[in-house]
Every structure is written in structure tokens, then in C-alpha cells.
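# The following block contains a protein sequence and its predicted model.
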Amino acid sequence: MSITLEVVDDHPELTHVRLSGALDLEWTTETSANLRNLLVDGGKPVLIDLAGVEIMSSIAMGELVTCQKAVAKKRRSMVLSSPPSMVAMSLRLSGLTRVFTIVDSEQAGIEMLLPKAA
């Protein structure tokens, strides 16, 4: 299954990425280190769009928690947007809705992270 990490350049004061495909063990070994480096080195608030994610394994959830912690350590915010219903349910059942800020759309995430950009 194809795994994609796309950097969106629509806001210069925001690190905005879109993930798609299956976030599973293969994703963890191939892409998560690249994502973590991008988010931590970026120095900006982070928006991760999950609309194209088909499945998310517990390992991938753990990697996102690691990203969240790294971003928070740099005193920046991270928001997840647009999780499909199965991904949203997995996040909810795992208790990660208490860890992540999750919004219904990319625009809502942009407005939350950059209120003046709305």
C-alpha cells in the first residue's frame, strides 16, 4: 500500500503536512522518522491532515504521540485534522483524544493554530 507524506506550503508560519495510506508498521519504518524530523526542525506550529489515512496501527499512534511530545517540548502546538471515521474511532478508543487536539477540517486546524489567518 502506498504511503504518502505531503508538505503543504499554504502558510509560511505553519508546518502543514498531509498523510495518506496505511499508517502501519511499514509506515513507521519508512516515514515516521522523516515526519518527526520535519516537525521538530520546522520551528512552527504543526497541522497534520489525516483525511487520506486508511488505517492507523497502534504503532503509528505511538509515533504520533512521540511527534506530539517533541513538538510540545519545543513549546509549539500540534493539531490533527480530518481523521476518517475509523481512524477517529481508533484514536477515541485508545484514549488519544485526550493527548491530541483533533479538528474536523484543515481550515479549522489552520484557524486554531493561526487565528489571524482565518
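Nice, thanks for sending it over. Quantities reported herein were computed from a predicted structural model and do not represent experimental measurements. Numbers count the residues shown, from 1 in each chain.
# What about the closest residue to Ser77 other than its chain neighbours, how many residues nearby?
Among residues not flanking Ser77 along the chain, Pro45 sits closest, at 4.7 Å (CB to CB, 6 or more residues apart in numbering). Every C-beta, even on glycine, is put in place using the N, C-alpha and C of the backbone. By other CB atoms under 10 Å, 21 other residues sit near Pro45.
# Surely Pro45 touches His16?
No - taking CB atoms under 8 Å as the definition, Pro45 is not a contact partner of His16, at 9.2 Å.
# that older thread, quick one, phi psi at the residue nearest to Ser77?
Backbone torsions for Pro45, taken as degrees, to the nearest 10, come to phi -60, psi 160.
# Please apply the same query to the one 3 residues further on.
Backbone geometry at Ile48, expressed as degrees, to the nearest 10, gives phi -120, psi 110.
# What about it, how many residues nearby?
For Ile48, using other CB under 10 Å, the count is 26.
# residue contacts, it?
17-19, 64, 78-81 (CB atoms under 8 Å, 6 or more residues apart in numbering).
# Validate this expectation: Val7 resides in a strand.
Yes - counting by DSSP: H, G, I helix; E, B strand; the rest coil, Val7 is located in a strand.
# Look up the residues forming beta bridges with it.
Taking DSSP bridges, one obtains Val17 as the residues bridged to Val7.
# now it: how far from Leu93?
Using CB to CB, to the nearest Å, Val7 is found at 30 Å from Leu93.
# Repeat that for Pro84.
14 Å.
# give me the low-pLDDT residue ranges for this structure?
Counting by pLDDT under 70, the chain shows low-confidence ranges at 1-2, 27-30, 117-118.
# Give me the neighbour count for Ile59.
15.
# Just say helix, strand or coil for it.
Criterion first, three-state DSSP; result for Ile59: helix.
# starting at the chain centroid, how far to stretch 3-10?
Once both centres are worked out by CA atoms, centre = their mean, to the nearest Å, stretch 3-10 turns out to sit 11 Å from its chain's centre.
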